[in-house]
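[1] Have a look at this prediction, sequence included:
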Amino acid sequence: MNSFFFPKGKQMDLHVPKNFKLTIILSIILLIACIVASLAFGARVVSFQDILDGLSGKNEDSFGANIVRKRLSRTVFSLLCGAALGVSGALMQAITRNPLADPSILGVNTGASLFVVCGLAFFNISTANQYIWFALLGAALTAAFVFGIGSMGRGGATPIKLVLAGAATTAALSSLVTAILIPNSYAMDQFRFWQVGSVGSGTWDSITTFLPFLAIGILIAFISAPALNALALGDDVATGLGVRPGFLRLGGAIGGVVLCGAATALAGPIGFIGLMSTHVMRLILGPDVRFVIPMSAITGAIILTFSDVIGRLIASPGELEVGVVTAFIGAPILIILAKKSKVRSL
């Protein structure tokens, strides 16, 4: 397989992990289970027959089947956002060689949030397209700023420096968000439902708007995956293998920002999906990014959809926003990883 970032003839050989087939089978089974649960559970629980009727278009007068049809767009939206955040996390960990990298930890989500707030307060944005472009701009500028700060000083962009730069940037940008919202009641009303992160507002229109950005980000991820394996060996070794590290990092960052920014714009700043999904796949399959990236997409979709179902069940007949659930699960995992991790980079 040739890569735009990897000169022809210098690709690393593809060695399929011995447990890859079993992993993908189990992942697909879990994915299907999450889809069924997302369609079945909520303020009203529907039967399996209602799910079949809703998906097939039969029995249009059935109340349960109509509920399933309304939940279908939410479920698809959740799957796509989870996949985008999973791949974004895998890309950011690979290009920074930081096992703790994640869009929320590196401040990218907060940067997207700040620009969405500015759009609401000063430009009266209201459409999904407007949300996406403002979020992408904020995510891109924040990613560049964090990487620039983390690259200063001796040793360049080490994992711990990037995490600290991301934490400091997140704190500063969060303060700016609050400063803009306090005197602007309209922006605060619009923002307070968005900021906790939710897939409940997913519609077919938002899915259609999201798909091109998802396709671009995933395409960049797959193209860059072979070269990212070489980058894990260090810049000098990667250069010797024909990889252009600077160009590769730029391309990977663009892919990660597009995926994270678009998902954040439409669903809100949902954290820890990229961190959890990528770590699970790396523990099972090993460090080969060519397998970690596609499986992180599937795992991210599973985690986000499962978290959405949990939020609906816990607060039934209402719901607990999915961003709260993922933060509740992801924060202890981050603490455990930071405590047990003894490596300085991937």
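    It's in.
[2] remind me which residues of the protein are low pLDDT?
    Under the criterion pLDDT under 70, the flagged ranges of the chain are 1-14, 155-159, 334, 337-346.
[3] the strands in it, which residues?
    Remark: no strands are assigned in the chain by DSSP state E.
[4] and the longest helix for it?
    For the chain, the helix that runs over the most residues, judged by DSSP state H, is helix 63-96.
[5] Check which helices and strands it is in contact with.
    For helix 63-96, the packing partners by 3 or more C-beta pairs under 8 Å, 6 or more residues apart in numbering; DSSP states H and E come out as helix 20-40, helix 48-56, helix 204-231, helix 245-267, helix 273-285, helix 289-314. In short, each C-beta sits where N, CA and C put it, glycine included.
[6] residues near S316, how many?
    For S316, the neighbour count with other C-beta atoms under 10 Å is 14.
[7] And for R69?
    Neighbour number of R69 under other C-beta under 10 Å is 16.
[8] For the nearest residue to it once chain neighbours are set aside, which residues are in contact?
    Computed as C-beta to C-beta, 6 or more residues apart in numbering, the closest residue to R69 that is not its neighbour in sequence is G54, at 4.9 Å. By C-beta atoms under 8 Å, 6 or more residues apart in numbering, the contact set of G54 is L39, V46, S62, G64, A65, N66, I67, V68, R69, L72.
[9] switch to 6 Å and redo it
    A65, V68, R69 (C-beta atoms under 6 Å, 6 or more residues apart in numbering).
[10] thought the second one was touching Q49?
    Which is V68. No. V68 lies out of contact with Q49 (C-beta atoms under 6 Å); the separation is 10.2 Å.
[11] Those two - which one has more neighbours?
    Legend: neighbour count by other C-beta under 10 Å for V68 and Q49, higher for V68 (20 against 13).
[12] so what's the backbone phi/psi at G242?
    Taking degrees, to the nearest 10, you get phi 100, psi 10 for the backbone angles of G242.
[13] Just give me the neighbour total for it.
    16.
[14] How about A168?
    Residues near A168, counting by other C-beta under 10 Å: 13.
[15] Just give the nearest non-adjacent residue to it, would you?
    I149 is the one closest to A168 (C-beta to C-beta, 6+ apart), at 7.8 Å.
[16] hmm, back to that, would you turn the helices and strands packed on helix 63-96 into a markdown table with distance to F328?
    Output for the helices and strands packed on helix 63-96, formatted as a markdown table (distance: least, C-beta to C-beta, whole Å):
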| stretch | distance to F328 |
| --- | --- |
| helix 20-40 | 18 |
| helix 48-56 | 28 |
| helix 204-231 | 25 |
| helix 245-267 | 17 |
| helix 273-285 | 12 |
| helix 289-314 | 9 |
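[17] and Y186, which of those is closest to it?
    For Y186, the closest of these is helix 245-267, at 18.8 Å, according to C-beta to C-beta.
[18] circling back: check the gap between the residue nearest to R69 and R71 for me.
    With the distance defined as C-beta to C-beta, to the nearest Å, G54 ends up 8 Å from R71.
[19] go on, T239?
    In terms of C-beta to C-beta, T239 sits 50 Å off from R71.
[20] for I24, same thing?
    I24 is 26 Å from R71, by C-beta to C-beta.
[21] what about those two, which has more around it?
    R71 (21 against 15).
[22] tell me the contacts of that one?
    L39.
[23] Can you tell me how far it is from L164?
    Noted for R71: a distance of 41 Å to L164, by C-beta to C-beta.
[24] coming back round to it: nearest to L136, of the helices and strands packed on helix 63-96?
    helix 245-267 (3.9 Å).
[25] And for that closest one, what's in contact with it?
    Taking C-beta under 6 Å, 6+ apart as the rule, helix 245-267 contacts 5, 81, 84-85, 87-88, 91-92, 95, 103, 108-109, 112, 128, 131-132, 135-136, 139-140, 143, 199, 206, 210, 213, 216-217, 220-221, 224, 227, 235, 238.
[26] how close does L275 sit to L304?
    Counting by C-beta to C-beta, the gap from L275 to L304 is 13 Å.
[27] Compare neighbour counts for the two and give me the winner.
    Of the pair L275 and L304, L304 is the one with more neighbours under other C-beta under 10 Å, namely 33 against 26.
[28] Tell me if I'm right that the more buried one and S78 touch.
    Yes. With contact defined as C-beta under 6 Å, L304 and S78 form a contacting pair (5.4 Å).
[29] Now for A225: which residues touch it?
    V289, R290, I293.
[30] With I293 instead?
    Contact analysis of I293 by C-beta under 6 Å, 6+ apart lists V87, A90, A221, A225.
[31] farthest-separated two in those?
    Based on C-beta to C-beta, the longest span within the contacts of I293 runs between V87 and A225 and measures 10.2 Å.
[32] just the helices in the stretch 51-200 of the chain please.
    Remark: helices assigned in the stretch 51-200 of the chain by DSSP state H, counting those that start in this stretch are 63-96, 108-122, 128-151, 159-181, 185-194.
[33] Let me have those helices in JSON lines, extended by distance to I270.
    Output for those, formatted as JSON lines (distance: least, C-beta to C-beta, whole Å):
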{"stretch": "helix 63-96", "distance to I270": "7"}
{"stretch": "helix 108-122", "distance to I270": "8"}
{"stretch": "helix 128-151", "distance to I270": "12"}
{"stretch": "helix 159-181", "distance to I270": "15"}
{"stretch": "helix 185-194", "distance to I270": "11"}
